[in-house]
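# Turn this into a model:
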Amino acid sequence: MIQVNAMGDACPIPVVKTKNAIRELGGAGTVVTLVDNEIAVQNLQKMARQKGYGVQAEKLGEGRYQVTMTVGPEAALPAQDEPTVCPVKPAGEKNTVVVIRSKTMGVGSEELGAALMKGFLYALSQQDQLPRTILFYNGGAAITCTDSPSLEDLKTLQAMGVEIFTCGTCLNFYGLTDQLQVGEVTNMYTIVEKMTQADHIVCP
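Purely as a prediction, here's the structure:
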């Protein structure tokens with residue numbers, strides 16, 4: 001068993017430390033990671049599910065959580081960790097990632113910018129060629145949450161197979177952790193993966 005102390009570490013360090021510990025196992029075994037917030041717990045659980053590891057989470061006390069991953073020999077990471085591989089693209093289809101960094105589109109009037117962003121997301125849902133992924137972070141995190149005027153358009157995009165990810169650290173910072181209405185919580189490690197693997201990035 002390897003224990004990882006990620007208390008006080010910001011996203012994506014708990015995930016990175018845990019991946020390194022799993023690599024150190026060199027085969028089957030258990031990694032126990034200590035973190036201080038629920039977002040880190042969710043990120044670790046998601047990583048475990050993606051890799052096929054057994055995972056259990058426990059709250060030990062105020063601001064203290066333990067995530068235990070059980071790695072089987074067939075699921076162990078190789079000597080050099082490989083990035084999460086996106087599904088194979090159909091011929092001619094580009095891996096387009098849309099990055100939403102703000103509630104508004106453009107610089108100037110916030111009211112106009114909010115209307116433009118709503119229009120952009122609606123227009124995006126009507127395209128023949130949809131993006132593979134939409135990433136929401138910083139002020140853009142609010143768009144996937146309660147009272148967002150774009151929720152129906154985002155749910156339509158998700159139903160058509162578009163991945164929708166919102167930065168967990170951003171949700172926590174803005175007090176929106178319990179208000180996410182569409183898509184999944186993600187971390188900076190995954191955001192970087194999605195962006196670096198993209199054929200094309202759109203930033204309205």
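# Show me where the chain has its strands.
2-5, 29-35, 54-61, 64-71, 96-100, 133-136, 163-167, 184-186, 200-202 (DSSP state E).
# ranking these by burial, who's on top?
strand 133-136 (a mean of 26; mean count of other Cβ atoms under 10 Å). Using the backbone N, CA and C atoms, a C-beta is placed for each residue, glycine as well.
# Given that one, what are its sheet partners and their directions?
Note on strand 133-136: by DSSP bridges, its sheet partners are strand 96-100 (parallel), strand 163-167 (parallel).
# where in the chain is pLDDT low?
The chain contains residues with pLDDT under 70 at 73-93.
# now the helices for this structure?
Remark: helices assigned in the chain by DSSP state H are 13-25, 38-51, 110-125, 151-159, 168-173, 188-196.
# Mean neighbour count and distance to residue 134 for these - can I get that in CSV?
Output for the helices of the chain, formatted as CSV (neighbours: other Cβ atoms under 10 Å; distance: least, Cβ to Cβ, whole Å):
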stretch, mean neighbour count, distance to residue 134
helix 13-25, 19, 21
helix 38-51, 20, 17
helix 110-125, 16, 8
helix 151-159, 17, 7
helix 168-173, 21, 14
helix 188-196, 18, 10
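# Minimum distance to residue 71: which of the ones you listed has it?
The closest of the helices of the chain to residue 71 is helix 13-25. By Cβ to Cβ, the value is 5.7 Å.
# my guess is residue 177 contacts residue 38, does it?
Yes. Taking contacts as Cβ atoms under 8 Å, residue 177 lies within contact range of residue 38: 7.2 Å.
# Tell me what the residue nearest to residue 60 when sequence neighbours are not counted is bridged to.
Among residues not flanking residue 60 along the chain, residue 66 sits closest, at 5.5 Å (Cβ to Cβ, 6 or more residues apart in numbering). For residue 66, the beta-bridge assignment (DSSP bridges) gives partners residue 34, residue 58.
# Report the separation between residue 66 and residue 46.
17 Å (Cβ to Cβ, to the nearest Å).
# Can you name the residues that contact residue 59?
residue 65 (Cβ atoms under 8 Å, 6 or more residues apart in numbering).
# 10 Å instead, please
38, 41, 65-66 (Cβ atoms under 10 Å, 6 or more residues apart in numbering).
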